[in-house]
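[1] mind folding the following:
(one chain, ligands or ions: 3)
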Amino acid sequence: MARYWPEPASPTVRSQSAPALVLVNLGTPTAPTAAALRPYLKQFLSDPRVVEIPRAVWLPILNGIILNTRPAKSAAKYASIWMDEGSPLKVHTERQAKLLAGYLGASGHGALRVVWAMRYGAPSIPDTLNALKAQGYSRILIVPMYPQYAASTTASVMDEVARSLLHWRNLPEIRFIRDFHADQAYIASLAASVREHWAKNGQADRLLMSFHGIPKRSIGLGDPYQGECLATARLVAQALGLAEERLQVTFQSRFGKAEWLRPYTQPTLETLAREGVRSVDVMCPGFVADCLETLEEIAMECREAFLSNGGQAFNYIPCLNERNDWIAGLKTLALKHLDGWLPAGGEHSHAPAPRTTDAER
Ligand SMILES: C=CC1=C(C)c2cc3[nH]c(cc4nc(cc5[nH]c(cc1n2)c(C)c5CCC(=O)O)C(CCC(=O)O)=C4C)c(C)c3C=C
Ligand SMILES: [Fe+2]
Ligand SMILES: [Fe+2]
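    Ligands and ions are numbered 1, 2, ... in the order given. Prediction:
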């Protein structure tokens, strides 16, 4: 009998797989030492999405000045927040991924693989995507853990995903969560975290929301970041029923000499204290995991600045980290973006998802 269909040369190629989800955060040094800070800062600050100064001008400044002075200074700051299991950003990201996998498993989506990666340092995006390929995953949802889109963070993750795939022959299907600044569950978890804080500690004179800054110039160039931060702040204030005069939105972590988004967090706290505002509650809704910028810059440096200028009470409200409502919200957000990729039956089918391969047929 004539054979019309040749045998495939590569019988192990999967035509369809269960999807995988990659939580991506910024990255963090492996130790609170200058030696560990140097390669981390070098990779981070060499990214043209992060520092938009012409390479010929910037790289000599980075290599000749910044990388000789900043590693030791930043290492001392990291040392003040280091946890037994490592850098807080890594610890929280890893826990979030494990919890999310558990939540998905409990609602019948145990076949959906959850991993985490870092834009700078390890586990890198290319290593993570290569590992998923080796395990046969060909449908991948990238989840940058940045609620507000910025070119310096979100777009840089996509740059790295695209670069990672540059030499692959058989590309996976890729989906990407661009932002979740107005996501209902994200806003509700933030509001719940404030309400719980108020129930325990009472309400301060002001609620200050501090977002990571970016250069002001980026906004004119089309970055939607500032508008998304302000929208998040407004939605959280609405959810709390907070009068506008009790809310203050600021931008932190300015880097370099250029003007960044204003008002700046620390000078604002100093002014508030000098003007007689006695107490502040401070939260950082732009970070879903506590890290150097929240635990050291806000909860230590800014606290000191507020109190030494006459403020009486400074209360830091932690990031969403491992909150149940946040992990549940993240699950819902992920499932929305996985539409059509999950086996029929969805939420309430608790049977293991089928994994069909050519080899099995
Ligand atoms: C949440 C969004 C973030 C934006 C937007 C962002 C922009 C941005 N950052 C720098 C420079 C530095 N940031 C550093 C730390 C850091 N930044 C973010 C997030 C955003 N950055 C996080 C989550 C962290 C903490 C990492 C950790 O390990 O805990 C640092 C490193 C620390 C230091 O030496 O100060 C630098 C440098 C620029 C230039 C920029 C936008 C253009
Ligand atoms: Fe940053
Ligand atoms: Fe169920």
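[2] mind checking how far the helix or strand in which I327 is found is from the chain centre?
    Here I327, judged by DSSP states H and E, is contained in helix 324-337. The gap between where helix 324-337 is centred and where its chain is centred comes out at 14 Å by Cα atoms, centre = their mean, to the nearest Å.
[3] where does the prediction get shaky in this structure?
    Counting by pLDDT under 70, the chain shows low-confidence ranges at 1-3, 10-16, 344-361.
[4] tell me which residue is most central in it.
    Per Cα atoms, centre = their mean, the C-alpha nearest to the average position across the chain is that of M145, at 2.7 Å.
[5] all helices of the stretch 201-350 of the chain, in order?
    In order along the chain, the stretch 201-350 of the chain carries the following helices (DSSP state H, counting those that start in this stretch): 217-220, 225-240, 265-274, 303-308, 324-337.
[6] kindly present the ones you listed as CSV, with separate columns for distance to ligand 1.
    Where C-beta positions appear, they are placed from N, C-alpha and C, glycine not excepted. Rendered in CSV, the data for the helices of the stretch 201-350 of the chain read as follows (distance: least, Cβ to the nearest ligand atom, whole Å):
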stretch, distance to ligand 1
helix 217-220, 7
helix 225-240, 7
helix 265-274, 13
helix 303-308, 17
helix 324-337, 16
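[7] need the strands for the stretch 51-200 of the chain, in chain order.
    Under the criterion DSSP state E, counting those that start in this stretch, strands of the stretch 51-200 of the chain are mapped to 113-118, 139-144, 173-176.
[8] which residues of the stretch 251-361 of the chain lie near ligand 1?
    By the criterion of Cβ under 6 Å from any ligand atom, the positions of the stretch 251-361 of the chain lying close to ligand 1 are S253, F255, G286, F287, C291, L292, E293.
[9] mind redoing it with 5 Å?
    By the rule Cβ under 5 Å from any ligand atom, the part of the stretch 251-361 of the chain lying against ligand 1 is F255, G286, C291, L292, E293.
[10] what about the first one, distance to V50?
    What that stands for is F255. Distance, F255 to V50, by Cβ to Cβ, to the nearest Å: 9 Å.
[11] which of the two has more neighbours?
    V50 (19 against 15; other Cβ atoms under 10 Å).
[12] so what's that one up against?
    Residues in contact with V50, defined by Cβ atoms under 8 Å, 6 or more residues apart in numbering, are F44, S152, S156.
[13] I'd like these as CSV, with distance to ligand 1 and neighbour count appended.
    Shown next, in CSV, are the contacts of V50 (distance: Cβ to the nearest ligand atom, whole Å; neighbours: other Cβ atoms under 10 Å):
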residue, distance to ligand 1, neighbour count
F44, 6, 19
S152, 4, 20
S156, 9, 22
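[14] name the nearest of those relative to A20.
    S156 (20.8 Å; Cβ to Cβ).
[15] what number of residues lie near the closest residue to the closest one other than its chain neighbours?
    Nearest-residue entry for S156: R49, 4.0 Å, with adjacent residues in sequence omitted and distances by Cβ to Cβ, 6 or more residues apart in numbering. A count of neighbours around R49, defined by other Cβ under 10 Å, yields 17.
[16] am I right that R49 is in a helix?
    No - using DSSP: H, G, I helix; E, B strand; the rest coil, the secondary structure at R49 is coil, not a helix.
[17] from ligand 1, how far out is it?
    Between R49 and ligand 1 the distance, using Cβ to the nearest ligand atom, to the nearest Å, works out to 8 Å.
[18] ok, W198 - contacts?
    The neighbourhood of W198, defined by Cβ under 8 Å, 6+ apart, consists of D281.
[19] hmm, 6 Å instead?
    Shown in contact with W198 (Cβ atoms under 6 Å, 6 or more residues apart in numbering): no residues.
[20] before I go, just wanted to say thanks for your time.
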